[in-house]
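In: Sequence first, predicted model second:
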Amino acid sequence: MDLPNAAIIVDGNDIVLQNITVFGAQIGVMADNADNLSILDSTLDSCDSGAYIAKSRMSQVQGNTISNCKKYGLDAERCSGLKVYNNSIFGSANTGFLLKESEKCEVQDNVFSTNTFGLALWNSTSNQISKNRADHNYYGILITDWSNNNTIEDNTAEENTRSEIIKGFGIGISLQENSSHNLVIGNTARKNLNGIDIAKGCKFNAVYGNKVFDNSNGIRVDKNRNNLIFANNFERNTASAYDNSSRNIWNTTIGNYYSDYRGNDENGDGIGDKPYSIPKGDHDEADMRPLMEAYGHANLDAAALRGEVEKYARLGPADDEIPSIHMEGRTIAISYHRPSSPPKWPDSKPLDVT
């Protein structure tokens with residue numbers, strides 16, 4: 001009696017659910033400690049949560065349509081090796097797909113549309129997020145709460161805006177709450193408020209080879225440091241970049257391409273003679289080697305990119321990362337303030353900002 005009402009409860013391993021239809025359940029499919037579970041080619045509609053999978057290894061969710069859920073389309077927690085391929089998840093009042101406290105999962109070729117959060121990783125590590133499309137969400141792809149060492153590659157995040165929540169607001173790809181050592185590579189971010197957003201204590205991330213265009217802000221970085229941002233193309237954004245209270249690295253031997261850069265290239269090496277000053281925010285950050293033409297040779301692999309981060313991201317720690325040391329009598333006291341908690345997400349309805 002302490003379990004939520006579920007249309008299908010999975011208790012066991014090596015189970016296949018295929019071509020099922022569930023409408024209006026509290027949970028469409030509920031699986032706990034079920035390894036090698038497959039949910040295939042099914043429809044989960046108008047549930048509180050379409051599917052809940054917990055503590056599962058080597059399971060797959062493939063080819064499903066999950067729609068109009070009050071909380072989550074797919075909620076996967078403490079999973080390992082989960083494969084989520086070719087699903088369409090739309091209309092979730094909270095999150096299309098929440099991947100929480102999970103590792104080594106693959107999320108590929110899915111569509112996340114008209115959710116509050118399209119895809120959200122929460123305290124999840126070493127996952128591969130690739131070739132997904134996120135559109136018309138409040139956040140398209142959100143990496144948050146100490147989610148580290150993930151690869152976000154070759155996704156498309158466009159027209160993420162939910163004006164019924166906050167007029168005109170919408171983020172394509174966002175790293176938040178101390179999420180570090182991630183690779184954001186080869187993605188397309190188009191027609192969002194912020195194409196790419198990095199906030200609150202994130203560090204040692206590589207943002208490389210992305211196409212960011214027609215956004216209000218191409219990239220926004222807020223209260224973080226030691227992220228490496230290079231070989232990206234920022235085109236036709238209202239502002240190419242926005243920096244606030246951050247210290248990041250905007251170039252290696254090459255920088256980024258900005259369609260609003262107005263410098264010259266006297267020696268013809270393809271790199272502007274003057275730095276590109278970040279146009280919005282604190283105005284003390286600059287790309288020292290801005291590119292004169294859009295970059296089309298982004299081909300570094302993950303190991304090479306991590307090497308570039310280690311080589312270039314060597315700024316000192318922020319003030320709030322340095323522990324305070326003081327004497328209490330004859331004792332040396334060392335204290336450290338851990339950064340803030342993750343975002344508070346409502347259980348069953350969109351965010352209320354009234």
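Out: Looks like it arrived, so ask away.
In: For the residue nearest to G201 when sequence neighbours are not counted, grab the count of nearby residues.
Out: Spatial nearest neighbour of G201, chain neighbours left out: N178 (4.0 Å); criterion: C-beta to C-beta, 6 or more residues apart in numbering. Any C-beta I mention is one placed from the backbone N, CA and C, and that applies to glycine too. By the other C-beta atoms under 10 Å criterion, the neighbourhood of N178 contains 21 residues.
In: per-residue pLDDT, N178?
Out: pLDDT recorded at N178 is 96.
In: mind listing what it touches?
Out: Taking C-beta atoms under 8 Å, 6 or more residues apart in numbering as the criterion, N178 is in contact with 145-146, 200-203, 339.
In: so which of those residues is the most crowded?
Out: C202 (32 neighbours).
In: Please give the element, helix or strand, for that one.
Out: Secondary structure from DSSP states H and E places C202 outside every helix and strand.
In: Run through the residues that contact it.
Out: Counting by C-beta under 8 Å, 6+ apart, C202 makes contact with 175-180, 224, 227.
In: repeat for K274
Out: Here K274 is in contact with 263-264 (criterion: C-beta under 8 Å, 6+ apart).
In: ok, and the helix or strand in the protein with the lowest average confidence?
Out: Using mean pLDDT, DSSP states H and E, the weakest-scoring helix or strand in the chain turns out to be strand 324-328, at a mean of 54.
In: rewinding a little: can you say which helix or strand has the residue nearest to G201 in it?
Out: Using DSSP H and E, N178 falls within no helix or strand.
In: Got phi/psi on it?
Out: Main-chain torsions, N178, degrees, to the nearest 10: phi 70, psi 30.
In: which stretches of the stretch 251-354 of the chain form strands?
Out: Here the stretch 251-354 of the chain has its strands, by DSSP state E, counting those that start in this stretch, at 257-258, 276-277, 280-281, 286-287, 324-328, 331-335.
In: got the contacts of C202 as CSV, with distance to V16 columns?
Out: CSV is the format used below for these (distance: C-beta to C-beta, whole Å):
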residue, distance to V16
L175, 36
Q176, 36
E177, 37
N178, 38
S179, 34
S180, 38
N224, 43
N227, 42
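In: Which members of the residues you listed are the farthest-apart pair?
Out: E177 and N227 (14.3 Å; C-beta to C-beta).
In: Who has more neighbours out of the two?
Out: Shown here are E177 and N227; by other C-beta under 10 Å, N227 has more neighbours (26 against 21).
In: just how off-centre is the host helix or strand of the more buried one within its chain?
Out: According to DSSP H and E, N227 maps onto strand 225-230. Centroid displacement of strand 225-230 relative to its chain, using C-alpha atoms, centre = their mean, to the nearest Å, is 16 Å.
In: Adjacent strands (with direction) for that strand?
Out: Within its sheet, strand 225-230 is paired with strand 206-208 (parallel), strand 247-249 (parallel), according to DSSP bridges.
In: which residues touch the last one?
Out: Contacts with strand 247-249, where a contact means C-beta under 8 Å, 6+ apart, come from 198, 221, 224-230, 285, 312-313, 315, 318.
In: likewise stretch 279-295?
Out: Stretch 279-295 is contacted by residues 209, 217, 231-233, 235, 239-248, 250-258, 260-261, 263, 265, 270-272, 275-278 when judged by C-beta under 8 Å, 6+ apart.
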